[in-house]
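Trainee: Next comes the sequence, and after it the predicted model I'd like to discuss.
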Amino acid sequence: MSAVGAHSLAGVILRAAEVREVERQYANLQPALMERAGQAAAERAQALLVDKQGCVLVLAGPGNNGGDGFVVARLLRAAGCDVVMVCAADETRMPADARAARLAWQAAGGQTVTDFLGGQWGLAIDALFGIGLTRPLEGRYADWIARLNALSCPVLSLDVPSGIDSDSGRVMGVAVRATHTSSFIALKPGLLTLDGPDHCGELALHALDLPPSSAEGRVLERAHFAQGLRPRAANSHKGSYGQAGVIGGAAGMLGAALLAARACLYGGAGRVYVGLLDLQAPTVDGMQPELMLRPPGDLHLLCNALALGPGMGQSEVAGQQLRRALGFSGPLVLDADALNLVASTPTLQTMLTQRESPTLLTPHPAEAARLMQCALAEVQSDRVTMCCALARRYRAHVLLKGAGSIVAFPDGRWFINLTGNAGLASAGSGDVLTGLLTALLAQGWSAEAALLGAVHLHGAAADELVSHGVGPVGLTAGELAPAARRLLNQWVAAEQARSRGTSFSSHD
């Protein structure tokens, strides 16, 4: 994840085509967008160049990202920095704005070389490709990126680290591993998901004084589910906070269902029922005796929110339970093998799409590929598009897990979550997420707010644990739910204080 947290970034996310449309809309703006971008990046570059010590290396590509680099180089030189400008592009074939920026650099006395060797650089600036890359890098530019990645100085990428697909986060053959990235106008999906977070370093957004966009993509922030963060009334009881049900736990996989159910309790559900498919399953959870363990047959009659999938398996019995659950009148969460059963059974797909009550799907990429009947690589090649397609196909709220988890709704809106870390790459962490989600639904949160809140809370719990030295290596799923409970209560208190106009202090 970027060292700059979600609350430091403006909320809009634009894909490349949307950025191009914004650029066309403001093509006649003064100062020009390229000049504004160069000014913002030059200011950040100077902050990274301590006491202006060391030479600045600027690598410019053949397009408008290269033009941004020429503006940065000109402004840094005017500020007294020693700049080496590298560009192998044919000046006559560069876009008009980029060519004008190059000529302005030359008119200011700047010189351009066509290659660079190793050296003692104070800062390197990557202005090679930005959002314009459409094919894997090779040859000269791949060699330049390899040399750039071997440098010991800070590396500042402009807009998007070169070699990262700005829409998907894929590495296009080879990609710059920046220590810092300055993105312009709006954030791009590729900075926030898949390989992007491992390449962009400390991320900053420069909106260039443009008005907010009404795009469908957003960074997931607490404000998006704050309506659910309400304090509990003194005059309440366990029935006030819902009855959650978890069905799963086939033979040899009881742990998954129990992790989800325990997370339901920590997430605030008033009662939690667990329907275990293993005929030899215990009737009590010794670690969490508050859970009510029973055969799964009648859970849909006892609960107002239901989850299926953790440790469920794909047996005939599991399929029968899923068919019954698809007729459940309340919100339904499907995860793990419940998703695999849907993917392999057309009749279940039809039943799912015909549901009137909210359905929430939480696939990891391989499960998403099965649901979309495509290759895993196709899912990962454009996670945003695939998540939106899943939401439309199944008329469901969808969470596509992974680095930069994506939430999409059937109406086309989508979000990328920035909380979480590599400690979540541990068995059972998805089951905990399922439990937290089901708990929020049981307490009456809307399906939309519950999904946004659960994924944000789940990742934030992992972040809190890591900040206290618990992980990311060795972080276990069982440690997440207590941390999530602490954060959830802090968030409720903070929202209550905000609504009253008072202050609240916490460590979140």
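Mentor: Yep, that arrived. Numbers count the residues shown, from 1 in each chain.
Trainee: Could I get the buried residue list for stretch 46-60?
Mentor: In terms of neighbour count (16 or more other C-beta atoms under 10 Å), stretch 46-60 has its buried residues at 46, 48-49, 54-60. Glycine gets a C-beta too; all of them are placed from N, C-alpha and C.
Trainee: nearest to residue 111, of those residues?
Mentor: residue 58 (11.7 Å; C-beta to C-beta).
Trainee: Who does that closest one form a beta bridge with?
Mentor: For residue 58, the beta-bridge partners under DSSP bridges are residue 85, residue 125.
Trainee: And it, how far from residue 11?
Mentor: 31 Å (C-beta to C-beta, to the nearest Å).
Trainee: Looking at the buried residues of stretch 46-60, which is nearest residue 300?
Mentor: residue 48 (57.5 Å).
Trainee: Now render the buried residues of stretch 46-60 as TSV, adding distance to residue 262.
Mentor: Output for the buried residues of stretch 46-60, formatted as TSV (distance: C-beta to C-beta, whole Å):
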residue	distance to residue 262
46	51
48	45
49	51
54	53
55	57
56	54
57	53
58	54
59	51
60	55
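Trainee: just those residues now: which is nearest residue 481?
Mentor: Distances from residue 481 to those, taken by C-beta to C-beta, are shortest for residue 48, at 39.8 Å.
Trainee: tell me the pLDDT at the closest one?
Mentor: On pLDDT, residue 48 comes in at 94.
Trainee: now do residue 211
Mentor: Looking at residue 211, its pLDDT stands at 85.
Trainee: Tell me how far it lies from residue 22.
Mentor: 10 Å.
Trainee: Show me which of these two is the more surrounded one.
Mentor: Legend: neighbour count by other C-beta atoms under 10 Å for residue 211 and residue 22, higher for residue 22 (19 against 7).
Trainee: Which helix or strand contains the more buried one?
Mentor: Remark: residue 22 resides in helix 16-25, with elements defined by DSSP states H and E.
Trainee: list the contacts for the closest residue to residue 283 other than its chain neighbours?
Mentor: Closest residue to residue 283 apart from its sequence neighbours, by C-beta to C-beta, 6 or more residues apart in numbering: residue 293 at 5.4 Å. Residue 293 sits next to 274, 276, 281-285 when contact means C-beta atoms under 8 Å, 6 or more residues apart in numbering.
Trainee: cool, and residue 475?
Mentor: 423-424, 426, 462, 465-466.
Trainee: from these, which single one is nearest residue 392?
Mentor: With C-beta to C-beta as the yardstick, the closest approach to residue 392 among these comes from residue 424, at 27.1 Å.
Trainee: and the nearest residue to the closest one once chain neighbours are set aside, how many neighbours does it have?
Mentor: With sequence-adjacent residues excluded and distances taken as C-beta to C-beta, 6+ apart, residue 424 is closest to residue 462, at 5.2 Å. Around residue 462 there are 28 other residues, counting by other C-beta under 10 Å.
Trainee: ok, now residue 171?
Mentor: 20.
Trainee: List the beta-bridge partners for it.
Mentor: residue 164.
Trainee: Now do it, the pLDDT please.
Mentor: 96.
Trainee: same check, this time on the one 5 residues further on
Mentor: Here the pLDDT value assigned to residue 176 is 98.
Trainee: which residues touch it?
Mentor: 126, 128, 145, 148-149, 155, 157, 161-164, 199.
Trainee: Please report how far it lies from residue 165.
Mentor: 13 Å.
Trainee: Please apply the same query to residue 451.
Mentor: To residue 165, residue 451 is 26 Å away according to C-beta to C-beta.
Trainee: per-domain residue ranges of the protein.
Mentor: 6-219, 241-500 (automatic domain parsing).
Trainee: Residue 228: which of the ones you listed is closest?
Mentor: domain 241-500 (4.3 Å).
Trainee: Could you point out which residue ranges in the protein have low pLDDT?
Mentor: Low-confidence segments of the chain (pLDDT under 70): 1-10, 51-52, 502-508.
Trainee: Is residue 285 in contact with residue 259, as I believe?
Mentor: No - counting by C-beta atoms under 8 Å, residue 259 is not a contact partner of residue 285; they are 10.6 Å apart.
Trainee: more neighbours, these two?
Mentor: residue 259 (30 against 20).
Trainee: List the residues that contact the more buried one.
Mentor: Per C-beta under 8 Å, 6+ apart, neighbours of residue 259: 310, 428, 431-432, 435, 477-478, 481.
Trainee: Would you quantify the distance from it to residue 336?
Mentor: Taken as C-beta to C-beta, the span from residue 259 to residue 336 is 11 Å.
Trainee: and for these two, which residues touch both?
Mentor: Joint contacts of residue 259 and residue 336 (C-beta under 8 Å, 6+ apart) are 310, 431.
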